[in-house]
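Trainee: sequence unknown, structure follows:
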Ligand SMILES: Nc1ncnc2c1ncn2[C@@H]1O[C@H](COP(=O)(O)OP(=O)(O)OP(=O)(O)O)[C@@H](O)[C@H]1O
(Lines give C-alpha, C1' and ligand atoms only; values in the text may rest on other atoms or scores of the structure.)
Protein backbone atom coordinates (compact mmCIF):
# COMPACT_ATOMS: atom_id res chain seq x y z
CA UNK A 1 0.00 0.00 0.00
CA UNK A 2 1.36 3.44 -0.87
CA UNK A 3 0.50 6.91 0.41
CA UNK A 4 1.75 9.98 -1.41
CA UNK A 5 1.45 13.62 -0.34
CA UNK A 6 -1.43 12.86 1.98
CA UNK A 7 -2.95 15.87 3.74
CA UNK A 8 -5.83 15.76 6.18
CA UNK A 9 -7.68 18.72 7.66
CA UNK A 10 -10.50 18.92 10.18
CA UNK A 11 -12.33 22.04 9.05
CA UNK A 12 -9.53 24.58 8.56
CA UNK A 13 -7.11 22.85 10.94
CA UNK A 14 -4.39 20.77 9.28
CA UNK A 15 -3.79 17.43 11.05
CA UNK A 16 -1.59 15.70 8.44
CA UNK A 17 0.70 17.61 6.13
CA UNK A 18 2.04 15.98 2.95
CA UNK A 19 2.85 12.53 4.29
CA UNK A 20 4.26 9.90 1.93
CA UNK A 21 4.93 6.37 3.10
CA UNK A 22 4.78 2.74 1.99
CA UNK A 23 3.00 0.06 4.01
CA UNK A 24 4.96 -3.01 2.99
CA UNK A 25 3.82 -6.62 2.79
CA UNK A 26 5.19 -9.01 5.43
CA UNK A 27 6.27 -6.11 7.64
CA UNK A 28 4.98 -4.35 10.69
CA UNK A 29 5.22 -0.58 10.62
CA UNK A 30 4.84 1.35 13.87
CA UNK A 31 3.54 4.93 13.91
CA UNK A 32 4.96 6.79 16.89
CA UNK A 33 4.95 10.39 18.05
CA UNK A 34 3.61 12.70 20.74
CA UNK A 35 -0.09 12.96 21.45
CA UNK A 36 -1.99 14.89 18.79
CA UNK A 37 0.71 14.54 16.12
CA UNK A 38 -1.74 12.88 13.72
CA UNK A 39 -0.88 9.15 13.97
CA UNK A 40 -4.48 7.99 14.31
CA UNK A 41 -5.68 10.45 11.69
CA UNK A 42 -3.15 9.12 9.21
CA UNK A 43 -3.93 5.48 10.05
CA UNK A 44 -7.62 6.15 9.44
CA UNK A 45 -6.95 7.54 5.97
CA UNK A 46 -5.70 4.09 4.94
CA UNK A 47 -9.15 2.51 5.03
CA UNK A 48 -11.22 5.68 4.76
CA UNK A 49 -12.40 5.68 8.34
CA UNK A 50 -12.11 9.48 8.16
CA UNK A 51 -15.12 9.40 5.80
CA UNK A 52 -17.22 9.02 8.94
CA UNK A 53 -16.00 12.39 10.32
CA UNK A 54 -17.96 15.19 8.65
CA UNK A 55 -15.28 17.88 9.02
CA UNK A 56 -12.39 15.69 7.77
CA UNK A 57 -10.96 16.40 4.31
CA UNK A 58 -8.35 14.09 2.79
CA UNK A 59 -6.11 15.02 -0.15
CA UNK A 60 -3.28 13.14 -1.84
CA UNK A 61 -2.97 9.70 -3.32
CA UNK A 62 -3.41 6.40 -1.46
CA UNK A 63 -3.23 3.15 -3.39
CA UNK A 64 -3.82 -0.48 -2.55
CA UNK A 65 -2.38 -2.81 -5.19
CA UNK A 66 -2.19 0.23 -7.47
CA UNK A 67 -5.89 1.08 -7.02
CA UNK A 68 -6.77 4.58 -5.80
CA UNK A 69 -8.75 3.92 -2.61
CA UNK A 70 -10.40 7.35 -2.80
CA UNK A 71 -11.62 6.83 -6.39
CA UNK A 72 -15.40 7.26 -6.71
CA UNK A 73 -15.81 3.66 -7.89
CA UNK A 74 -14.07 2.24 -4.80
CA UNK A 75 -16.49 0.19 -2.70
CA UNK A 76 -15.72 1.32 0.86
CA UNK A 77 -17.18 -1.81 2.47
CA UNK A 78 -14.89 -3.96 0.32
CA UNK A 79 -11.97 -1.67 1.07
CA UNK A 80 -12.47 -2.04 4.84
CA UNK A 81 -12.44 -5.82 4.42
CA UNK A 82 -9.16 -5.61 2.48
CA UNK A 83 -7.74 -3.11 4.97
CA UNK A 84 -9.09 -4.24 8.34
CA UNK A 85 -8.92 -2.26 11.54
CA UNK A 86 -8.50 -3.05 15.23
CA UNK A 87 -9.32 -0.26 17.67
CA UNK A 88 -7.96 0.87 21.01
CA UNK A 89 -10.96 -0.43 22.91
CA UNK A 90 -12.02 -3.96 21.93
CA UNK A 91 -15.40 -3.61 20.22
CA UNK A 92 -16.92 -7.04 19.59
CA UNK A 93 -20.52 -7.04 18.32
CA UNK A 94 -23.05 -7.90 21.05
CA UNK A 95 -23.43 -11.31 19.45
CA UNK A 96 -21.96 -14.77 19.93
CA UNK A 97 -18.24 -15.43 19.51
CA UNK A 98 -19.08 -17.48 16.39
CA UNK A 99 -21.22 -14.70 14.87
CA UNK A 100 -18.56 -12.07 15.50
CA UNK A 101 -16.22 -13.96 13.19
CA UNK A 102 -18.80 -15.42 10.75
CA UNK A 103 -20.53 -12.12 10.01
CA UNK A 104 -17.90 -10.66 7.66
CA UNK A 105 -17.33 -13.77 5.51
CA UNK A 106 -21.11 -14.19 5.26
CA UNK A 107 -21.87 -10.64 4.07
CA UNK A 108 -18.92 -10.69 1.70
CA UNK A 109 -19.99 -14.08 0.29
CA UNK A 110 -16.63 -15.65 1.18
CA UNK A 111 -17.94 -19.03 2.34
CA UNK A 112 -20.07 -21.49 0.41
CA UNK A 113 -22.25 -23.22 2.92
CA UNK A 114 -22.16 -23.92 6.63
CA UNK A 115 -19.14 -26.24 6.68
CA UNK A 116 -16.96 -23.73 4.85
CA UNK A 117 -18.10 -20.92 7.14
CA UNK A 118 -17.33 -23.04 10.21
CA UNK A 119 -13.88 -23.78 8.82
CA UNK A 120 -13.27 -20.05 8.24
CA UNK A 121 -14.34 -19.27 11.81
CA UNK A 122 -12.04 -21.95 13.22
CA UNK A 123 -9.10 -20.86 11.06
CA UNK A 124 -9.53 -17.18 11.97
CA UNK A 125 -9.82 -17.88 15.70
CA UNK A 126 -6.79 -20.18 15.49
CA UNK A 127 -4.73 -17.53 13.72
CA UNK A 128 -5.82 -15.02 16.33
CA UNK A 129 -4.58 -17.38 19.06
CA UNK A 130 -8.04 -17.73 20.58
CA UNK A 131 -9.44 -21.04 19.31
CA UNK A 132 -8.38 -23.22 22.23
CA UNK A 133 -9.85 -20.80 24.73
CA UNK A 134 -13.26 -20.50 23.04
CA UNK A 135 -13.86 -23.65 20.98
CA UNK A 136 -16.24 -25.07 23.60
CA UNK A 137 -18.27 -21.91 23.99
CA UNK A 138 -18.67 -20.44 20.53
CA UNK A 139 -22.28 -19.49 21.25
CA UNK A 140 -21.37 -17.38 24.31
CA UNK A 141 -21.48 -13.62 23.83
CA UNK A 142 -18.28 -12.03 22.54
CA UNK A 143 -18.69 -9.28 25.11
CA UNK A 144 -18.42 -11.84 27.95
CA UNK A 145 -14.75 -12.52 27.16
CA UNK A 146 -11.86 -10.82 28.98
CA UNK A 147 -10.48 -7.62 27.45
CA UNK A 148 -7.49 -9.40 25.92
CA UNK A 149 -9.69 -12.17 24.52
CA UNK A 150 -12.09 -9.57 23.11
CA UNK A 151 -9.19 -7.87 21.35
CA UNK A 152 -8.07 -11.21 19.87
CA UNK A 153 -11.68 -11.80 18.81
CA UNK A 154 -11.62 -8.45 17.01
CA UNK A 155 -8.39 -9.52 15.30
CA UNK A 156 -10.05 -12.84 14.32
CA UNK A 157 -12.98 -10.85 12.92
CA UNK A 158 -10.60 -8.75 10.81
CA UNK A 159 -8.71 -11.84 9.61
CA UNK A 160 -11.89 -13.73 8.68
CA UNK A 161 -12.44 -11.63 5.54
CA UNK A 162 -8.92 -12.31 4.33
CA UNK A 163 -7.47 -8.79 4.45
CA UNK A 164 -4.23 -7.63 2.87
CA UNK A 165 -3.52 -4.99 5.50
CA UNK A 166 -4.42 -4.79 9.20
CA UNK A 167 -4.44 -1.39 10.90
CA UNK A 168 -4.14 -1.34 14.69
CA UNK A 169 -4.79 1.83 16.66
CA UNK A 170 -3.15 1.40 20.09
CA UNK A 171 -4.54 -2.14 20.32
CA UNK A 172 -3.02 -2.83 23.75
CA UNK A 173 -3.69 0.40 25.57
CA UNK A 174 -6.73 -1.02 27.37
CA UNK A 175 -5.02 -4.33 28.21
CA UNK A 176 -2.96 -5.66 31.11
CA UNK A 177 0.69 -6.71 30.54
CA UNK A 178 -0.12 -10.41 30.02
CA UNK A 179 -2.87 -9.71 27.46
CA UNK A 180 -0.53 -7.17 25.84
CA UNK A 181 2.24 -9.77 25.52
CA UNK A 182 -0.22 -12.14 23.82
CA UNK A 183 -1.25 -9.51 21.28
CA UNK A 184 2.42 -8.69 20.59
CA UNK A 185 3.17 -12.39 20.03
CA UNK A 186 0.19 -12.57 17.73
CA UNK A 187 1.42 -9.57 15.72
CA UNK A 188 4.69 -11.48 15.21
CA UNK A 189 2.83 -14.51 13.92
CA UNK A 190 0.55 -12.52 11.61
CA UNK A 191 3.36 -10.57 10.04
CA UNK A 192 4.15 -13.15 7.38
CA UNK A 193 0.61 -13.05 6.09
CA UNK A 194 -0.50 -9.43 6.28
CA UNK A 195 0.95 -5.96 6.15
CA UNK A 196 0.40 -4.48 9.60
CA UNK A 197 0.45 -0.83 10.67
CA UNK A 198 0.25 -0.14 14.39
CA UNK A 199 -0.11 3.14 16.28
CA UNK A 200 1.54 2.91 19.67
CA UNK A 201 2.56 5.22 22.49
CA UNK A 202 4.76 2.53 23.92
CA UNK A 203 8.26 2.82 22.55
CA UNK A 204 9.30 -0.61 23.80
CA UNK A 205 6.32 -2.07 22.02
CA UNK A 206 7.25 -0.33 18.77
CA UNK A 207 10.80 -1.69 19.11
CA UNK A 208 9.54 -5.21 19.87
CA UNK A 209 6.89 -5.64 17.20
CA UNK A 210 7.90 -3.56 14.21
CA UNK A 211 10.50 -3.69 11.48
CA UNK A 212 9.72 -0.16 10.24
CA UNK A 213 9.00 2.89 12.33
CA UNK A 214 7.52 6.22 11.29
CA UNK A 215 7.91 9.16 13.66
CA UNK A 216 5.25 11.86 13.35
CA UNK A 217 5.39 15.32 14.85
CA UNK A 218 2.85 18.13 14.42
CA UNK A 219 1.23 16.42 11.44
CA UNK A 220 4.43 15.80 9.52
CA UNK A 221 6.36 12.59 9.01
CA UNK A 222 9.72 13.53 10.47
CA UNK A 223 11.56 10.26 9.95
CA UNK A 224 10.78 6.83 8.60
CA UNK A 225 13.05 3.80 8.36
CA UNK A 226 14.17 0.50 9.84
CA UNK A 227 13.07 0.31 13.47
CA UNK A 228 16.61 -0.54 14.62
CA UNK A 229 17.94 2.63 12.95
CA UNK A 230 15.20 4.87 14.31
CA UNK A 231 15.83 3.67 17.85
CA UNK A 232 19.59 3.44 17.83
CA UNK A 233 20.68 5.95 15.28
CA UNK A 234 17.96 8.50 14.44
CA UNK A 235 18.94 11.06 11.82
CA UNK A 236 16.67 13.84 13.00
CA UNK A 237 17.10 15.74 16.23
CA UNK A 238 13.32 15.70 16.87
CA UNK A 239 13.24 11.89 16.63
CA UNK A 240 16.15 11.61 19.01
CA UNK A 241 14.48 13.94 21.52
CA UNK A 242 11.28 11.92 21.40
CA UNK A 243 12.76 8.46 21.73
CA UNK A 244 15.01 9.56 24.55
CA UNK A 245 11.96 10.89 26.37
CA UNK A 246 12.84 14.55 26.14
CA UNK A 247 9.28 15.43 25.15
CA UNK A 248 5.96 13.78 24.36
N1 LIG B 1 -12.67 14.25 14.81
C2 LIG B 1 -11.84 15.30 14.93
N3 LIG B 1 -12.27 16.54 14.75
C4 LIG B 1 -11.42 17.61 14.86
N5 LIG B 1 -10.11 17.50 15.13
C6 LIG B 1 -9.62 16.27 15.32
C7 LIG B 1 -10.44 15.09 15.23
N8 LIG B 1 -9.67 14.01 15.45
C9 LIG B 1 -8.43 14.48 15.68
N10 LIG B 1 -8.40 15.82 15.60
C11 LIG B 1 -7.20 16.71 15.78
O12 LIG B 1 -6.22 16.32 14.83
C13 LIG B 1 -4.92 16.30 15.40
C14 LIG B 1 -4.32 14.90 15.28
O15 LIG B 1 -5.08 14.01 16.10
P16 LIG B 1 -4.83 12.44 16.13
O17 LIG B 1 -5.87 11.86 17.03
O18 LIG B 1 -4.72 11.93 14.77
O19 LIG B 1 -3.41 12.39 16.83
P20 LIG B 1 -2.64 11.19 17.51
O21 LIG B 1 -1.22 11.40 17.21
O22 LIG B 1 -3.25 9.91 17.11
O23 LIG B 1 -2.93 11.49 19.03
P24 LIG B 1 -3.03 10.49 20.27
O25 LIG B 1 -1.70 9.86 20.37
O26 LIG B 1 -3.33 11.41 21.41
O27 LIG B 1 -4.14 9.54 19.98
C28 LIG B 1 -5.09 16.79 16.84
O29 LIG B 1 -4.84 18.15 16.88
C30 LIG B 1 -6.55 16.50 17.13
O31 LIG B 1 -7.05 17.40 18.08
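Mentor: Okay, I see it. Computed from a predicted model, the values in this text were never measured in an experiment.
Trainee: neighbours around residue 97, how many?
Mentor: Using other CB atoms under 10 Å, residue 97 has 28 other residues around it. Placement of C-beta: from N, CA and C, glycine included.
Trainee: can you pull the contacts of it?
Mentor: For residue 97, the contact set (CB atoms under 8 Å, 6 or more residues apart in numbering) comprises 125, 134, 137-142, 145, 153.
Trainee: residue 162 too?
Mentor: Counting by CB under 8 Å, 6+ apart, residue 162 makes contact with 81, 110.
Trainee: any idea how far it is from residue 105?
Mentor: Relative to residue 105, residue 162 is positioned 8 Å away (criterion: CB to CB, to the nearest Å).
Trainee: alongside the ligand, which residues does this structure contribute?
Mentor: 10, 15, 33, 35-41, 53, 55 (CB under 6 Å from any ligand atom).
Trainee: just these: which are in helices?
Mentor: Cross-referencing those against helices under DSSP state H gives 39-41.
Trainee: tell me the one of the residues you listed nearest residue 245?
Mentor: For those, the closest approach to residue 245 (CB to CB) belongs to residue 39, at 17.6 Å.
Trainee: spatially central, which residue of this structure would that be?
Mentor: Among the residues of the chain, the one closest to the centroid is residue 167, at 1.5 Å (CA atoms, centre = their mean).
Trainee: and it, what pLDDT?
Mentor: Confidence at residue 167, expressed as pLDDT, is 98.
Trainee: so can I have TSV of the residues of the chain next to the ligand showing distance to residue 204?
Mentor: What follows is those, written out as TSV (distance: CB to CB, whole Å):
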residue	distance to residue 204
10	31
15	27
33	16
35	18
36	21
37	19
38	22
39	17
40	20
41	24
53	31
55	35
